[in-house]
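**Q** this one's sequence-less:
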């Protein structure tokens with residue numbers, strides 16, 4: 001007995017063309033959404049850390065209560081000027097009198113252990129992370145007090 005063409009169509013297995021079209025449209029829409037909010041989502045889930053010089057060891061970490069507002073204290077070998085120059089590559093540094101000028105009078109100009117205050121920012125999606133490093137020069141080590149702030153209510157201007 002021969003099957004009729006209508007019987008063959010109803011028993012044939014396969015995916016209808018309209019379902020493939022809908023799946024392609026859904027994938028395209030998902031890619032557009034991920035492309036649009038992917039950087040922001042990554043910034044929210046994986047907060048970037050401010051720059052830390054090589055050889056610095058974490059001493060303490062404190063969250064100030066707001067997501068993205070943190071403070072760290074790092075200790076490194078006694079080389080404050082190396083640390084100041086290193087942070088100068090990532091932001092701007094205000095060096096205190098008596099530090100890192102390599103002049104004979106440097107030692108007499110020092111008022112306290114604060115060698116420099118450095119600051120900078122890093123883009124992350126539509127937001128910007130601001131950081132500040134206070135660098136202290138002690139005989140036994142260099143102390144770096146590093147803080148991070150992310151103002152979630154402000155976005156970067158469009159490029």
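**A** Cool, the structure landed. From a predicted model like this one, the values you see are computed outputs, not experimental measurements.

**Q** what residues are up against the most centrally placed residue in the chain?
**A** Ranked by distance to the mean C-alpha position of the chain (CA atoms, centre = their mean), the top residue is residue 48 at 2.2 Å. For residue 48, the contact set (CB atoms under 8 Å, 6 or more residues apart in numbering) comprises 122, 124, 129. Glycine gets a C-beta too; all of them are placed from N, C-alpha and C.

**Q** Could you save the residues you listed as TSV and add columns showing secondary structure?
**A** Formatted as TSV, the contacts of residue 48 follow (DSSP: H, G, I helix; E, B strand; the rest coil):
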residue	secondary structure
122	strand
124	strand
129	strand
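
**Q** tell me the least confident of the residues you listed?
**A** pLDDT is lowest at residue 124 among the contacts of residue 48; the value there is 83.

**Q** Tell me what that one is bridged to.
**A** Beta-bridge partners recorded for residue 124 (DSSP bridges): residue 127.

**Q** ok, now how distant is it from residue 20?
**A** Note on residue 124: its distance to residue 20, by CB to CB, to the nearest Å, is 38 Å.

**Q** Which one's more surrounded, the two?
**A** residue 124 (19 against 10; other CB atoms under 10 Å).

**Q** Give me the domain ranges for the chain.
**A** 5-45, 57-149 (automatic domain parsing).

**Q** ok, then the element right after the helix ranked longest in the chain?
**A** Across the chain, the longest stretch assigned as helix under DSSP state H is helix 17-45. Counting by DSSP states H and E, the next helix or strand C-terminal to helix 17-45 is strand 57-63.

**Q** Quickly run through the sheet partners of that next one, with directions.
**A** strand 70-76 (antiparallel).

**Q** And the strand it pairs with, how far out from the chain middle?
**A** 16 Å (CA atoms, centre = their mean, to the nearest Å).

**Q** following it, which helix or strand shows up next?
**A** Beyond strand 70-76 toward the C-terminal end (DSSP H and E), the next one is helix 80-88.

**Q** Show me how far the helix or strand just after that next one is from its chain's centre.
**A** Heading C-terminal from helix 80-88, the first helix or strand you meet, by DSSP H and E, is strand 92-95. Distance, stretch centre to chain centre, for strand 92-95: 21 Å (CA atoms, centre = their mean).

**Q** what residue ranges in this protein are flagged as low confidence?
**A** Scanning the chain for pLDDT under 70 picks out the ranges 1-13, 38-44, 102-111, 154-159.

**Q** re earlier: now that we have the contacts of residue 48, can you turn them into JSON lines and tack on distance to residue 62?
**A** Listed next are the contacts of residue 48 as JSON lines, based on distance: CB to CB, whole Å:
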{"residue": "122", "distance to residue 62": "20"}
{"residue": "124", "distance to residue 62": "21"}
{"residue": "129", "distance to residue 62": "17"}
